[in-house]
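Colleague: Fold the stuff below for me.
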Amino acid sequence: MSGAKDAMGATEAAPDLEIVGNQVTIHPTGFKGGPEKQDGDFTERNLVGHMARFRANPFDFFREVSLFVSGTGWRAYDSVIGQPIFYPGFSDRLKTLVLESPVLQGKIRELAEIRLKAEELEGLLGTIREGIDEAKLKRRSELEGNLREVVDNMMDNMISKMDSKTFVRGAYYGCTQLVTRAYHQGIHISSEEVLRLRSVAEEASKKKQSIIFLPCHKSHVDYVSLQIICYRLGIGLPIVVAGNNLNIPLVGTFLQRVGAMWIRRNFGDDPLYHTVVQTYIDVILQEGYNFECFIEGGRSRTGKLLSPKLGILSFILESLLSGRVEDAIICPVSIQYDKVIETESYISEMLGQPKPKENLADFLSSSSVLSLKLGRVDIRFHEPWSLRRYLTQQLTRLPASPKSAGAELTAPERGRILRSLGYRVLSEINKVSVMMPTALVGTVLLTLRGRGVGKTELVRRVEWLSERVQAKGGRVAHFYRAPTAQVVERALEVLGSKLVGEINGLVEPTYYAVDRFQLSFYRNMTIHLFITEALVSAAMYTRIKQGGGPANQRITYNALLRQLFRGEFIFPPDGLTANLDKTLHGLEKDNVIQVTRDSSGHPNFIELSNAERLCGRENYDFYCFLIWPFIEACWLGAISLVGFTPPLGGPQDVWIDMKKAQDAAQLLGKTLYHQGDLSYFEAVNKETLRNAHQRFAEEGIILLAKTKGPRAAITMRLADGWIPERDLETGKLLDRGRLWDFVELIAQSRREGKNRRDGATVSSRVLTMVDTVGRELFLCAASPEAADLNVAPRKPRRTAIESGVHL
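Modeller: Predicted coordinates:
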């Protein structure tokens, strides 16, 4: 096989995997640091590196192809851990099991009976009593037959068709060629995690239980990478839940034959489709086939984890609670990249451009995937655990009397368990995630003051950050034997000149962020480790920015609690007070802050330490720079609500289209940024604004409603008690009232800079701009077409983790 040198200077070839009992041997090794343990208890391996290419080495290329065609060694995919897949008739067998399911048959009979009664009431079955019974019997049979045909068509479009082992061998070879051309330093895993996963898979196979892989989702490469890993390790390929927007010509058929299960993005009010999906998942779990779905739903466009989407999890939960499935194994998975192929398109989407329709040719050509050098992929598996055991624990914690796993749950109880499950998975994904060099460099570049940074300082801060990551229990990639300077150089090369610029001809190379918006994607990969420190620092900033000496800049413990806001991030599961106390002890130990405590040890005051003041607040500033863009976005979302104040003399109960409201907030944010009233352009990204509006709805600040009709949409208006005042003579918005106080509370933690100062002039200018944007929304919403829309208000609903800004 052809060799290739990575940024560490080590020569790598595509490794060969030998598994004997509990021993894993990879030849040649992609291990970076010798035989000793690394990354805590984990030993890293490069499982999939470069494959031979025809132009570079025709002999090795044809040798590799022949090995796959003949199915030599692991390539044969014969000794698979799990239930049998890839045999003729596999998909037909699954389809038959689904169609014969009592649950599905019962739903077909139920829907046929409902339609039959409707036709009888309409007189479509005749009026003569003697003939009705016979007509009903015949019509019932017709209706059930029609519904079975509908189900048959649904299943053809949905079911994964893993029938050919020869096809999957070719697919593995082709996909590995594509992935390793883009990610030229291969796919890295932990040998210890692999051994643990194989052991769990063997035990699950004996019990005919499914492993449910729940990865994070940043790229289309995610599901390809995980399928490659499972194939390479001899673990049964999972059936992957995928949105049917990806079911495009050629690609859709290909993916379906290697495990894709196509489902609609929106089920609507189709009870039959809902039952078909539930039954299919029942069958998959009953038969012990591995299963995969993305816990975040769609891809994260911001780099950090999104809140859990609970749709597919609710089907899995129902399978176990109903008793139709005995148990399943949950395996959270972290997939991290040096560079994500789609980040440029993400930025366009976040700035308001419509999401393009999925297209393979555009994906390949726009990213030049065949010629990119994007570094490496790191995949980490959390320790798998029993879903049945988890549910039993959750059921015993319910406030009512203890319930058995098969007992009926109320909707709130079921929702509580689902949210708890979703956030636990996200927390465990964060726990095993690897911090890539690009994430470290991107984070440093966006958390330093000044126009640019010299290479020496950049290396020093990357070393500091990597130490902080490890101190927080995180893992850092590529820090084994290579010097940090070399790691930084490799990261800068992968990020490229479009993201990070270099100024030559100076005393030393100096770097600066070219595209801060796109670079923020990589900074956000690290933020979950430091979110509590960042929130504490932002709360302290309300006092520190006032100046006046140390005594004037301290904050009380109770005031610190009031300033913290939540909802945007995934927190450790220990609770607010425990997380806060742990954070204060950590910052105190690092000599960033000093805490004055009473005789019982309870914190009274928090302030910067003398050492932190002497070093120019560089460590404290790091935490502030992490959180300030999100505070800006939250402030922008809140100030945009002021524009929803009805004009004087006009209709007061006007509902505004949610999408138009978010577009208007983006327009407002872009204007304020270019005029100097908003410090971070990334604050205008659509996803963060959408999250902010959702939190405001959960807090009862705004009301949401859904329009009726074929073009249903979400509309919104300010809740009673939150509507700002207007000057009765001029009609201008006034800077007072409950909503304005809420905006001001967020503004206290905003970054002060030379381009922005809070004051009456600024408030007046911003309010004028907000009112201008808001009046356009009201003109549109109050038009006759909009007035005809019927809306059904939604009640405010709290999440399991409290959200929004709490006073």
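
Colleague: Wasn't residue 596 part of a helix?
Modeller: No - looking at residue 596 with DSSP: H, G, I helix; E, B strand; the rest coil, it is strand, so not inside a helix.

Colleague: so who does it touch?
Modeller: Neighbour list for residue 596: 554, 603, 604, 605, 606, 607 [criterion: CB atoms under 8 Å, 6 or more residues apart in numbering]. No exception for glycine: its C-beta is placed from N, CA and C like everyone else's.

Colleague: ditto for residue 296
Modeller: Contacts of residue 296 by CB under 8 Å, 6+ apart are 216, 217, 305, 306, 307, 308, 309, 426.

Colleague: Same list, these, but as JSON lines with secondary structure, distance to residue 670 and neighbour count please.
Modeller: Below are those laid out as JSON lines (DSSP: H, G, I helix; E, B strand; the rest coil; distance: CB to CB, whole Å; neighbours: other CB atoms under 10 Å):
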{"residue": "216", "secondary structure": "coil", "distance to residue 670": "30", "neighbour count": "23"}
{"residue": "217", "secondary structure": "coil", "distance to residue 670": "28", "neighbour count": "20"}
{"residue": "305", "secondary structure": "coil", "distance to residue 670": "27", "neighbour count": "26"}
{"residue": "306", "secondary structure": "coil", "distance to residue 670": "24", "neighbour count": "20"}
{"residue": "307", "secondary structure": "coil", "distance to residue 670": "26", "neighbour count": "21"}
{"residue": "308", "secondary structure": "coil", "distance to residue 670": "31", "neighbour count": "23"}
{"residue": "309", "secondary structure": "coil", "distance to residue 670": "29", "neighbour count": "16"}
{"residue": "426", "secondary structure": "helix", "distance to residue 670": "31", "neighbour count": "24"}
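
Colleague: and of those, the nearest to residue 722?
Modeller: residue 307 (23.6 Å; CB to CB).

Colleague: picking that back up, now a ChimeraX select for only the buried ones of the contacts of residue 596.
Modeller: To isolate the buried subset of the contacts of residue 596 in ChimeraX, counting by 16 or more other CB atoms under 10 Å, use the following:
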select :554,603,606,607
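
Colleague: tell me which of the contacts of residue 596 is nearest to residue 577?
Modeller: The closest of those to residue 577 turns out to be residue 603 (CB to CB; 10.9 Å).

Colleague: So the closest one sits against residue 557, correct?
Modeller: Yes - Residue 603 lies in contact with residue 557 (CB atoms under 8 Å); the separation is 4.3 Å.

Colleague: Strands of the stretch 601-750 of the chain, start to end?
Modeller: Along the stretch 601-750 of the chain, counting by DSSP state E, counting those that start in this stretch, strands occupy 603-608, 656-657, 702-707, 714-718.

Colleague: want to try CSV for the ones you listed, with mean pLDDT as columns?
Modeller: What follows is the strands of the stretch 601-750 of the chain, written out as CSV (pLDDT from 0 to 100):
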stretch, mean pLDDT
strand 603-608, 91
strand 656-657, 89
strand 702-707, 87
strand 714-718, 90
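
Colleague: could you redo those strands as CSV and give each row distance to residue 586?
Modeller: Shown next, in CSV, are the strands of the stretch 601-750 of the chain (distance: least, CB to CB, whole Å):
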stretch, distance to residue 586
strand 603-608, 13
strand 656-657, 44
strand 702-707, 36
strand 714-718, 40
